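**Q** My questions concern the predicted model and sequence given below.
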Amino acid sequence: MIVLKNGTLFIQKANIKDQGQYICLAQNEYGSDKLVVTLSVVAYPTRILEEKMRDIKVLAGKTVHLECRTEGRPVPIVSWILPNHTKVKGSITEHGRVTVTTMGTLTIQKVSVLDRGHYKCIASNPAGTDTATVRLQVVAAPPAILEEKRQLVRAEIGQNLFLACSTYGDPRPTTYWVLHDGTIVQPVTYSHTKVSVFGNGTLYLRDVQITENAGDFLCVARNKVGDDVQLLRVSVSMKPARIEPNVFSRKQVPYGNDLKVDCVAAGVPMPEISWGLPDGTLVNSALQADGTEGDQFKRYTLFNNGTLYLNKVGSDEEGDYTCYAENKLGKDKMHVHISVVTAVPRIERPILSYAKVKQGGNVRFDCKAIGEPKPKVFWMLPSKDMIAASNERYLVHANGSLDVRNVKLADAGEYVCMARNAAGEENKVYKLDIDGNPPIINGFNQNRTVMKDTAVKYTRKLIDCKAEGYPVPKITWIISCAILNTLVTSCLFFLCSLSVGKDIKRALLWLWNIFVKITCFCSPLKIFIYNGTSTCNVPIILLRRDPGSNNQACHRQMLMMALLG
């Protein structure tokens, strides 16, 4: 009870004990006053609406509900006393098997003979208490199999099959199976055999086969009250191998990419997949696992779903591939034509295809090539030599560009970039000029001191002397005994000095117009070496003027020297 500041008396949860007279007394220095209040608490005693004593029968294994309906004010609280004197009041016992609902009903799941006895319902409130008793009788139940009495179970070859046989009864029945050949299989904890029964009565058939597992299977549930049986018929089906979709197809694969070809096969039992390669070789899972066919098949992978995989396809992999699917009932095949896509190399137009640099400088020629497969780039120098590898003067980059470092006069000329792949080749010419190019005669980059030529005796012979260079070179012909176009103003003595080598044995001097032939022979005794050059000095020869000439001076003559081998 609580007296509030305003003098109110507050009674929480009033019950019968609180009824009676309450006096409120108020007083001060001038007097006092009082108020009498009579409190009547209205309450109805508890009453159980069920019979005071009743009997309930239930089959073992079932669920039973014991009702205890009540009335009263306030609402009565219901509790139960079990046969073992345990009191249950809105709680759960035995792992939820026994419960009391908010309405006071006692629920017992999976009743057994141990649950029989007297159950007392007690209902109470402040106004009173009432009780009622229920005598529970548990009747033993014969076994019952929950699955359908006849079932047709379809299975495929190689499948693992589970046949359920759930039972109930009191006492708990034992379960076993009778196979189609009459064999009895009892439950075991674990078994490595192909046929076993689990503790819950389920029959396990591993790797189903027609001859071993097709037929009738009987589940038997038994206790001391009776038996129950269930018949299951197992039908093992088979289908021939089929590839879906089985149509001839074409597939293009870029050169160097990976190849993946699917082969989806169905059938019972599951078909075995193998692939025939364009060269007639067969690839299957057994060959892969054995690994005795050499390194060729290491590039091929055959997955369990029938997909054939090959990495880095080349031109040799082009052709017809055949997928084979086979099982006990039949076989099927599918053809796929694989085309390896290639593209002839193409050199992109370079920014710089002509360059003119000074000696000692550097120059770069770009040669970016595209194609399928990716082309390889090679460079040829003006000397027609190929650059085998980068060095201190020539550097070939990964993108094909060529660097020429510390340029020399001999580097002038045409450079050829060659891009090659399996589909073909393309070339690109680049020109390099050097400031102050030295003279080049007849296109030869290197000086040639001797050039052999032939002519018919006593005939005129024209010898080419095509000179190139920058600035334009001045051409002069020099022969061993004279300078071409020399003006002879008088009869002179000429010293014929011929440079000869091992292949030149004699020299023939012609004096034009006079047709005087003088043969100069060189002997080993007359040869001396100066600055690495073998020189033969011929004796002094007197050339006289033609007496019949009217000109007192020697005519302008052209001296020609022929070196004879």
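**A** Everything's here; your move. Numbering: from 1, shown residues only.
**Q** Check what contacts stretch 208-217 and list those residues.
**A** Under the criterion Cβ atoms under 8 Å, 6 or more residues apart in numbering, residues 155-161, 163, 177-181, 194, 203, 205, 231-236, 238 lie in contact with stretch 208-217. All C-beta atoms are positioned from the backbone trio N, CA, C, and that covers glycine.
**Q** The spatially closest residue to residue 408 that is not a sequence neighbour: neighbour count?
**A** Using Cβ to Cβ, 6 or more residues apart in numbering and skipping the chain neighbours, the partner closest in space to residue 408 is residue 359 (6.3 Å). Using other Cβ atoms under 10 Å, residue 359 is surrounded by 14 other residues.
**Q** So residue 359, which state does it fall into?
**A** Under DSSP: H, G, I helix; E, B strand; the rest coil, residue 359 falls in the coil class.
**Q** show me where pLDDT drops low in the stretch 301-450 of the chain?
**A** Along the stretch 301-450 of the chain, segments meeting pLDDT under 70 span 437-438, 445-450.
**Q** Which parts of it are helices?
**A** Under the criterion DSSP state H, counting those that start in this stretch, the stretch 301-450 of the chain carries no helices.
**Q** Strands of that one, start to end?
**A** Counting by DSSP state E, counting those that start in this stretch, one finds strands in the stretch 301-450 of the chain at the ranges 308-310, 319-327, 330-341, 343-347, 354-357, 363-365, 369-372, 376-380, 394-396, 402-404, 413-421, 424-434, 440-441.
**Q** among these, which is nearest residue 185?
**A** Closest to residue 185 of these is strand 319-327 (Cβ to Cβ; 29.6 Å).
**Q** Put together a markdown table for the strands of the stretch 301-450 of the chain, with mean neighbour count on each row.
**A** Listed next are the strands of the stretch 301-450 of the chain as a markdown table, based on neighbours: other Cβ atoms under 10 Å:
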| stretch | mean neighbour count |
| --- | --- |
| strand 308-310 | 18 |
| strand 319-327 | 19 |
| strand 330-341 | 17 |
| strand 343-347 | 18 |
| strand 354-357 | 14 |
| strand 363-365 | 18 |
| strand 369-372 | 19 |
| strand 376-380 | 18 |
| strand 394-396 | 17 |
| strand 402-404 | 19 |
| strand 413-421 | 20 |
| strand 424-434 | 16 |
| strand 440-441 | 17 |
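**Q** May I see these organised as a markdown table, with distance to residue 64 added?
**A** Listed next are the strands of the stretch 301-450 of the chain as a markdown table, based on distance: least, Cβ to Cβ, whole Å:
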| stretch | distance to residue 64 |
| --- | --- |
| strand 308-310 | 65 |
| strand 319-327 | 56 |
| strand 330-341 | 60 |
| strand 343-347 | 85 |
| strand 354-357 | 107 |
| strand 363-365 | 99 |
| strand 369-372 | 82 |
| strand 376-380 | 90 |
| strand 394-396 | 96 |
| strand 402-404 | 99 |
| strand 413-421 | 88 |
| strand 424-434 | 92 |
| strand 440-441 | 121 |
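**Q** For the residue nearest to residue 408, give me phi and psi.
**A** Main-chain torsions, residue 359, degrees, to the nearest 10: phi -60, psi 140.
**Q** try the one 3 residues further on
**A** The phi/psi pair for residue 362 (degrees, to the nearest 10) reads phi -120, psi 150.
**Q** who's in contact with the residue nearest to residue 408?
**A** The contact partners of residue 359, taken as Cβ under 8 Å, 6+ apart, are 407, 408, 409, 434, 435, 436.
**Q** and the first one, how many neighbours does it have?
**A** By that I understand residue 407. If we define neighbours as other Cβ under 10 Å, then residue 407 has 20 of them.
**Q** ok, it - contacts?
**A** Counting by Cβ under 8 Å, 6+ apart, residue 407 touches 357, 358, 359, 360, 361, 362, 363, 432, 434.
**Q** is it true that residue 153 touches residue 232?
**A** Yes - using Cβ atoms under 8 Å, residue 153 is in contact with residue 232, at 5.7 Å.
**Q** Those two - which one has more neighbours?
**A** residue 232 (21 against 15).
**Q** Go ahead and confirm the more buried one touches residue 149.
**A** No - counting by Cβ under 8 Å, residue 232 sits too far from residue 149 to count as a contact (9.7 Å).
**Q** which SS state does residue 99 fall under?
**A** Three-state call for residue 99 (three-state DSSP): strand.
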